[in-house]
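J.: Here's a sequence, model it:
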Amino acid sequence: MSLKLFNQREFIVFTTYEYSVAIGVSLSAASKSLGRMSNKQEITKLVRGVWANTAHPYFSAFACVPYLLANERGYISFLTNLHRVGILSQIPKSIQVATTGHSRVTETAAGRFEFFKLSPKLFSEGIDWSNAKLPYQIATPEKALLDTLYIATRKSKRFGSLPELDLSQKFFSRRKFKKLFKNYNTTSRIKAAMKTKAEKYGALT
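T.: Take a look at the predicted model:
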């Protein structure tokens, strides 16, 4: 029964709790059962309490993001999305996610995930649902660039230079970028620093 269950869309990425409810056992029993299957490599443990059938054709590392966020709000953004649509040729070493939770790095069997904390005020525009079989939220290219410029103003100096950025791609709209920039809800000091960087890359021309 269990192996058939993992071919269902709802159990390609799932929690211990969801599995326990589906088969009608306690959390403890479900955890032991999943652990045994993981040891046999029938399923993959991502993090504590989250599992995946990584061999399923619908599985993708992006589909893990909603489960890694748990109760936080979040979406895929930054260099991950800029590379995904061809605006940035540089390949990020991790899947980068905006979150209302704390900043952190999470290593899993499906990949490395890097979470950047953003204010909930920055979650109002420029975020779409993917059309993947296992949907997740993802920034538009314009929003991804704005989020990247925002983090670039932080003390950590992450994303301070983007030499491979190519805004001539058809996936990027300067009109949409300007509208999102105007509504980006942050301090005037940070916004001025973001504007300087945006002008450097030709995003506001």
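J.: you'd agree residue 77 is up against residue 147?
T.: Yes: taking C-beta atoms under 8 Å as the definition, residue 77 is a contact partner of residue 147 at 4.6 Å. In this view, the C-beta of every residue, glycine as well, is placed from N, C-alpha and C.
J.: Mind listing the shared neighbours of those two?
T.: Common neighbours of residue 77 and residue 147 (criterion: C-beta atoms under 8 Å, 6 or more residues apart in numbering): 98, 116, 139.
J.: so the first one bridges to which residues?
T.: In other words, residue 98. Under DSSP bridges, the beta-bridge partners of residue 98 are residue 75, residue 116.
J.: give the contact list for it.
T.: 74-78, 115-116, 118, 122-123, 139, 147.
J.: mind running it again at 6 Å?
T.: 74-75, 77, 116, 118, 147 (C-beta atoms under 6 Å, 6 or more residues apart in numbering).
J.: for residue 138, same thing?
T.: Applying C-beta under 6 Å, 6+ apart, we find residue 138 in contact with 75-76, 130.
J.: out of residue 77 and residue 147, which sits in the more crowded spot?
T.: Between residue 77 and residue 147, counted using other C-beta atoms under 10 Å, residue 77 has the larger neighbour count: 30 against 26.
J.: ok, for the residue nearest the centre of the chain, nearest residue in space, not its chain neighbours?
T.: Residue closest to the mean C-alpha point of the chain, counted by C-alpha atoms, centre = their mean, is residue 76 at 2.7 Å. Once flanking residues are discounted, residue 76 sits nearest to residue 138: 4.4 Å by C-beta to C-beta, 6 or more residues apart in numbering.
J.: now do residue 53
T.: residue 6 (4.1 Å).
J.: Just the pLDDT at the one you found, thanks.
T.: As predicted, residue 6 sits at a pLDDT of 88.
J.: can you check residue 2 too?
T.: 67.
J.: got it, and the one 10 residues further on?
T.: As summarised for this prediction, residue 12 has a pLDDT of 95.
J.: Thought residue 55 was touching it, still the case?
T.: No: contact criterion C-beta atoms under 6 Å: residue 12 and residue 55 do not qualify, at 9.6 Å.
J.: Which one of these two is surrounded by more residues?
T.: Comparing residue 12 with residue 55 by other C-beta under 10 Å, the one with more neighbours is residue 12, at 23 against 13.
J.: still on that earlier bit, I'd like to know how far the residue nearest to residue 76 sits from residue 9.
T.: For residue 138, the distance to residue 9 equals 19 Å [C-beta to C-beta, to the nearest Å].
J.: what does residue 184 give?
T.: Taken as C-beta to C-beta, the span from residue 184 to residue 9 is 35 Å.
J.: Residue 151 too?
T.: Using C-beta to C-beta, which is the criterion applied here, residue 151 is 34 Å from residue 9.
J.: okay, and the helix or strand of the chain with the least pLDDT?
T.: Lowest mean confidence among the helices and strands of the chain (mean pLDDT, DSSP states H and E): helix 2-5, at a mean of 77.
J.: Can you give me the domain boundaries for this structure?
T.: Here the domain parsing of the chain from automatic domain parsing is 2-59, 62-200.
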